[in-house]
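>>> Build me a model:
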Amino acid sequence: MVSLADLPNTIPIMEVAEFTLYPRSAVMFAIVRPTDIPLFERVSTTEQGVIGVIQPRDSKGTLYSVGCAAQIEGVDVQNDNVHSACLMGFSRFRLVRRISGFEPFSQAEVKWAEFAGDLEPESGCGMSDKAQFVELANRHFSAAGMAGFCNDFADSDDELLINFVAMHGKFSAADRQALLETRSLDERRAALVALMQISGVEGGSQRLQ
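Residues are numbered from 1 along each chain as shown. Sure thing, here's the model as predicted:
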């Protein structure tokens, strides 16, 4: 298990528009941008194998102040030379500053202490309305042409289900960032419910609180 004392103060970062990663959540990335290939090659050869995933705030290169760090679980190269990598999130971080250098990818100075709790599994938020939450999420995904997208996670633990919806739901970059920066799993769940209900896809179902 990663410990706070072992985490580096400087990490390579990957800027991904309109996507946020969460601790203990995994995602497959297609490595297609020219700067991403040397980034993954470098990180894969280091002992810690840490990479930061963070959203750009605008087209001028400004970044949001909080991202999520991940470790590379594996890199796959297909016959057509398409690379993909599995990233497993483990902790959020606070961006201090971007570091300029000679590498073809971005690096940043970061702080971890604020999110030390990310290194321990969430105990869950006791979702007594889990079935309603899944129904609301499926309506949200159906409206985006992704019917049944949440079904495979309906029986997952609270954290995995909530973070899956937060990662893959159709939300704005600002809303995604707000979800990432929530202080607890219960707060994230409440924010998700509000966002999905505001989108108007909950139909006539009972509103969740």
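
>>> which outside residues touch the lowest-mean-pLDDT helix or strand in the chain?
Lowest mean confidence among the helices and strands of the chain (mean pLDDT, DSSP states H and E): helix 36-45, at a mean of 78. By CB atoms under 8 Å, 6 or more residues apart in numbering, the surrounding residues in contact with helix 36-45 are 12, 14, 29, 31, 49-51, 72, 75, 83, 85, 103-105. C-beta here means a position set from N, CA and C on the backbone, and glycine is covered the same way.

>>> residue contacts, residue 199?
Residues in contact with residue 199 (CB under 8 Å, 6+ apart) are 140, 143, 170.

>>> about what we covered before: mind listing what's buried in the least confident helix or strand of the chain?
Across helix 36-45, burial judged by 16 or more other CB atoms under 10 Å covers 36, 39, 40, 43.

>>> Once you drop chain neighbours, what's closest to residue 175?
residue 195 (5.8 Å; CB to CB, 6 or more residues apart in numbering).

>>> in the helix or strand hosting the one you found, what counts as buried?
Using DSSP states H and E, residue 195 maps to helix 185-198. Neighbour counts over helix 185-198 (16+ other CB under 10 Å) mark 185, 186, 188, 189, 191, 192, 193, 195, 196, 197 as buried.

>>> Next: stretch 135-155.
Residues 135, 136, 137, 138, 139, 140, 141, 143, 149, 150, 153 are the ones in stretch 135-155 that count as buried (16+ other CB under 10 Å).

>>> about what we covered before: next secondary structure after the least confident helix or strand of the chain?
strand 50-54.

>>> now the buried residues of helix 36-45 in CSV, with distance to residue 118?
Output for these, formatted as CSV (distance: CB to CB, whole Å):
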residue, distance to residue 118
36, 24
39, 22
40, 23
43, 19
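
>>> biggest separation within those, which pair?
36 and 43 (10.3 Å; CB to CB).

>>> Now do the top strand by length along the chain: which elements does it pack against?
Of all segments of type strand in the chain, defined using DSSP state E, the longest is strand 83-99. Helices and strands touching strand 83-99, by 3 or more CB pairs under 8 Å, 6 or more residues apart in numbering; DSSP states H and E, are strand 10-15, strand 26-31, helix 36-45, strand 50-54, strand 66-77, strand 106-111.

>>> which of these sits most buried?
Greatest average neighbour count among the helices and strands packed on strand 83-99 goes to strand 50-54 (a mean of 24), per mean count of other CB atoms under 10 Å.
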